[in-house]
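**Q** Provide a 3D model corresponding to the input given below.
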Amino acid sequence: MALPPEIEIPDAPVVDIVIDGLKHPFDLDHPTLPEWVSEHALASGGYPYAKKMKREPYEDELDDLQAELVKLQYHLQKTGERLIAVFEGRDAAGKGGSVAALRENLNPRLVRSVALAKPSDVERGQWYFQRYAAHFPTSGEMVLFDRSWYNRAGVEPVMGFCTAEQHQEFLEEVPKFEEMIVISGIRLFKFWLNLGRQMQLHRFHDRRHSDLKIWKLSPVDIKALQKWDDYTAARDLMLSRTHTKIAPWTVIRANDKRRARLNVMRTVLGAFDYAGKDKKRIGKTDPKIVRDASEFSD
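**A** Reported below is the predicted structural model:
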């Protein structure tokens, strides 16, 4: 890549990746993706499809679902209902793309995406949930969090950005926090986009060697290469402690971004009754892709 020198690209040391008991050296800077990644990326993590969804049927279904989301937007305006959708998952799981696809044809004054930077000194001194609550929807609004308060259940404890005590306190408090959200009348959706290991490596490599996507690869992402098991343990603990009846998690298998996005939309649309709802147009969520967190394992 011919990037100007003022664009700093974080160092990416060669790391050993252990998969099924076999150790593989992985060099993110090497221009060629190794076969042990490319040949197994889609199937990684137990993904149930052998091929990605083709573009033409995806775009046809996407058009239908986005048209239904416009109806939902009118419904929220008319009724004053409020909606929050939280998108979580490993680095490169497709959170931002799912948010973008969902809001692509909606009114940006009524549908907001929130992707917060690291907290300021002032925010670090606040109640942990305060800076997130400041972005909650008013009457008729939809707010989509590209990462959320669940940073404290994943990246923060894994990377040492919070203490063990803060992590445990969060796990105890968040069910109460989310119960207050739901009781207040806000419709809350929590999506965990699940990604196979080889697919994550594939996407990291793609970002590393793309002039258009290099900005997506952060130093934290690169450190995550060696912390797969730590993130898995943090995810499993998070799901076990925060998957509640009033605020459940929906797990979306996301190795194929197209199927993931469509099933996110179907999950949201299926939860509402609104004028002109076309159930045939929406279709049903794919049980191979959409999983209840209480039944999920990879």
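
**Q** wouldn't residue 222 be in contact with residue 28 here?
**A** Yes: with contact defined as C-beta atoms under 8 Å, residue 222 reaches residue 28; the gap is 7.1 Å. All C-beta spots, glycine's among them, are computed from the backbone N, C-alpha and C.

**Q** okay, and the common contacts of these two?
**A** Listed as contacting both residue 222 and residue 28 by C-beta atoms under 8 Å, 6 or more residues apart in numbering are 12, 204.

**Q** May I have the helix-or-strand element of the chain with minimal mean pLDDT exported as PDB, CA atoms only?
**A** Using mean pLDDT, DSSP states H and E, helix 219-224 stands out as the lowest-scoring helix or strand of the chain, at a mean of 89. The C-alpha trace of helix 219-224 is given here as PDB (Å, rounded to 0.1, in the frame of the first residue of the first chain):
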ATOM      1  CA  PRO A 219      -3.900  -1.600  17.800                       C
ATOM      2  CA  VAL A 220      -6.600  -3.200  20.000                       C
ATOM      3  CA  ASP A 221      -7.700  -5.400  17.100                       C
ATOM      4  CA  ILE A 222      -4.100  -6.500  16.500                       C
ATOM      5  CA  LYS A 223      -3.700  -7.400  20.200                       C
ATOM      6  CA  ALA A 224      -6.900  -9.400  20.000                       C
END
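
**Q** Just give me how far it sits from the chain centre.
**A** 17 Å (C-alpha atoms, centre = their mean, to the nearest Å).

**Q** Ok, stretch 263-279 next?
**A** 20 Å.

**Q** Kindly format the C-alpha coordinates of that stretch as PDB.
**A** Extracted C-alpha coordinates of stretch 263-279, given in PDB (Å, rounded to 0.1, in the frame of the first residue of the first chain):
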ATOM      1  CA  ASN A 263     -31.700 -11.900   9.900                       C
ATOM      2  CA  VAL A 264     -31.000  -8.900  12.200                       C
ATOM      3  CA  MET A 265     -33.700  -6.900  10.300                       C
ATOM      4  CA  ARG A 266     -36.200  -9.800  10.400                       C
ATOM      5  CA  THR A 267     -35.700 -10.100  14.100                       C
ATOM      6  CA  VAL A 268     -36.500  -6.400  14.700                       C
ATOM      7  CA  LEU A 269     -39.400  -6.300  12.200                       C
ATOM      8  CA  GLY A 270     -40.900  -9.500  13.600                       C
ATOM      9  CA  ALA A 271     -41.200  -8.000  17.100                       C
ATOM     10  CA  PHE A 272     -43.600  -5.200  16.000                       C
ATOM     11  CA  ASP A 273     -47.100  -4.900  14.800                       C
ATOM     12  CA  TYR A 274     -47.500  -1.900  12.500                       C
ATOM     13  CA  ALA A 275     -49.800  -0.700   9.800                       C
ATOM     14  CA  GLY A 276     -49.300  -2.400   6.400                       C
ATOM     15  CA  LYS A 277     -46.900  -5.100   7.800                       C
ATOM     16  CA  ASP A 278     -46.200  -7.600   5.100                       C
ATOM     17  CA  LYS A 279     -45.200 -10.900   6.800                       C
END
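
**Q** buried stuff in that stretch?
**A** 263, 264, 265, 266, 267, 268, 269, 272, 274 (16 or more other C-beta atoms under 10 Å).

**Q** Closest one of the residues you listed to residue 184?
**A** The shortest approach to residue 184 among the buried residues of stretch 263-279 belongs to residue 272, at 17.5 Å (C-beta to C-beta).

**Q** Excluding residues flanking it in the chain, which one is nearest that closest one?
**A** Spatial nearest neighbour of residue 272, chain neighbours left out: residue 72 (5.9 Å); criterion: C-beta to C-beta, 6 or more residues apart in numbering.

**Q** so how many other residues sit close to the one you found?
**A** Burial measure for residue 72: 22 neighbouring residues, criterion other C-beta atoms under 10 Å.

**Q** do the same with residue 288
**A** Neighbours around residue 288, by other C-beta under 10 Å: 12.

**Q** Identify the residues contacting it.
**A** For residue 288, the contacting residues are 48, 49, 253, by C-beta under 8 Å, 6+ apart.
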